[in-house]
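In: I'd like to go over a predicted model; first the sequence, then the structure.
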Amino acid sequence: MNTILHECHDSIYSGHLSEDRTLEKLNNCAWWPNWRKETIEYCHTCDRSQNANRSTGRKLGLMIHIQEPKSPWEAVCMDWATELSSSGEKGYNSFLLSFSTAYQPQTDGLPERMIQTSVEMIRRFCSYGLEFQDSDAFTHYWFTIVPALEREYKTSVHSSTGQTPAMLEKDWNPRLPEDTLRKGFIGIHPTASSFKIILDKVKNHAKHSINDTFDYAKQKWDKSHKVPYFKVGDLALVSTLNFDNNKGPKKLEDSYVGPFVNVALHGTNAVQVELGGELENKHPTFPVNLIKPYEPDDKEFFL
């Protein structure tokens with residue numbers, strides 16, 4: 001039986017194809033009791049197929065809500081925007097915007113999205129090069145316009161909260177140049193007696209807006225994802241998607257390496273595995289979308 005399965009699935013003439021194609025081949029040349037069930041089991045536990053084949057279908061990992069901070073600045077996210085041009089004498093070529101799981105941008109989605117918006121804002125003024133000048137002969141070095149763009153970012157309404165960052169933090173927006181065009185504009189700060197009431201209302205509105213945004217995003221995300229099913233002690237394969245290519249063409253690399261033993265679960269969407277060999281120095285915790293369960297074969301069963 002093992003010889004027949006090998007010839008219909010593992011051999012160079014069979015190509016480690018899917019269980020359906022393997023069943024079709026066997027159907028034309030052999031039969032034994034429970035042959036269909038045993039063939040499917042053989043294909044599912046094939047080591048080469050599990051390492052070489054890419055995962056298809058719904059990805060692992062449902063969207064989960066991060067712990068909500070109770071006040072501004074209670075939780076701070078940090079990330080970097082790099083590969084910018086030199087800022088001259090100051091020597092900056094990047095700007096700073098808690099480490100999280102590697103290759104999982106959803107974990108710190110807020111700074112990731114802020115960096116994208118910030119870089120786009122800078123690019124609109126600096127895409128012509130460092131010598132670009134406006135009508136006032138002002139040279140737009142990227143680091144000189146960051147303060148102005150930061151103020152604009154903080155005074156713009158965000159779709160997730162329905163408020164501006166400045167309003168949520170201080171309960172007032174800084175006066176902008178365009179405000180002077182409004183007739184009868186008087187910049188009066190809220191009185192001390194009503195300040196807390198107004199601030200509480202703004203924060204409450206933002207909280208409801210964030211929850212509504214999360215519910216909408218989770219509904220869309222979970223349609224294409226499913227609950228992960230990893231356990232400590234089980235075996236898993238790790239995706240090579242973000243690994244450096246040191247062994248020939250990327251196209252011919254295995255899609256996964258392993259198997260490795262699961263040593264810890266971090267929440268529901270991250271798994272720590274016991275790496276070894278050439279991967280020993282890599283960070284051992286991976287998001288569930290970059291690993292998959294490994295199904296070992298029962299060698300005695302297929303003798």
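Out: Good, I have the coordinates.

In: what about the longest strand in the protein?
Out: Selection of the longest strand in the chain by residue count, based on DSSP state E, yields strand 256-265.

In: And the average pLDDT for it is what?
Out: With pLDDT averaged residue by residue, strand 256-265 scores 85.

In: Now that strand - C-alpha only, CSV.
Out: Taking Å, rounded to 0.1, in the frame of the first residue of the first chain, the C-alpha atoms of strand 256-265 are listed here in CSV:
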residue,chain,number,x,y,z
TYR,A,256,7.3,26.9,5.3
VAL,A,257,10.0,25.4,7.5
GLY,A,258,9.8,23.1,10.4
PRO,A,259,8.2,21.5,12.1
PHE,A,260,8.8,23.2,15.5
VAL,A,261,7.2,22.6,18.9
ASN,A,262,4.7,25.1,20.2
VAL,A,263,6.0,26.2,23.6
ALA,A,264,3.6,29.1,24.5
LEU,A,265,0.5,30.9,23.3
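
In: Span of stretch 68-78 from start to end?
Out: 17 Å (Cα to Cα, to the nearest Å).

In: Quick check: mean pLDDT of it?
Out: Average pLDDT, stretch 68-78: 71.

In: any idea how this structure splits into domains?
Out: Listed by automatic domain parsing, the domain ranges of the chain are 1-44, 80-223, 227-303.

In: for A236, helix, strand, or coil?
Out: With DSSP: H, G, I helix; E, B strand; the rest coil as the basis, A236 sits in strand.

In: and the residue nearest to it when sequence neighbours are not counted, how many neighbours does it have?
Out: The shortest distance from A236 to any residue other than its chain neighbours is 4.8 Å, reached at I291 (Cβ to Cβ, 6 or more residues apart in numbering). Where C-beta positions appear, they are placed from N, C-alpha and C, glycine not excepted. If you count neighbours by other Cβ atoms under 10 Å, I291 ends up with 23.
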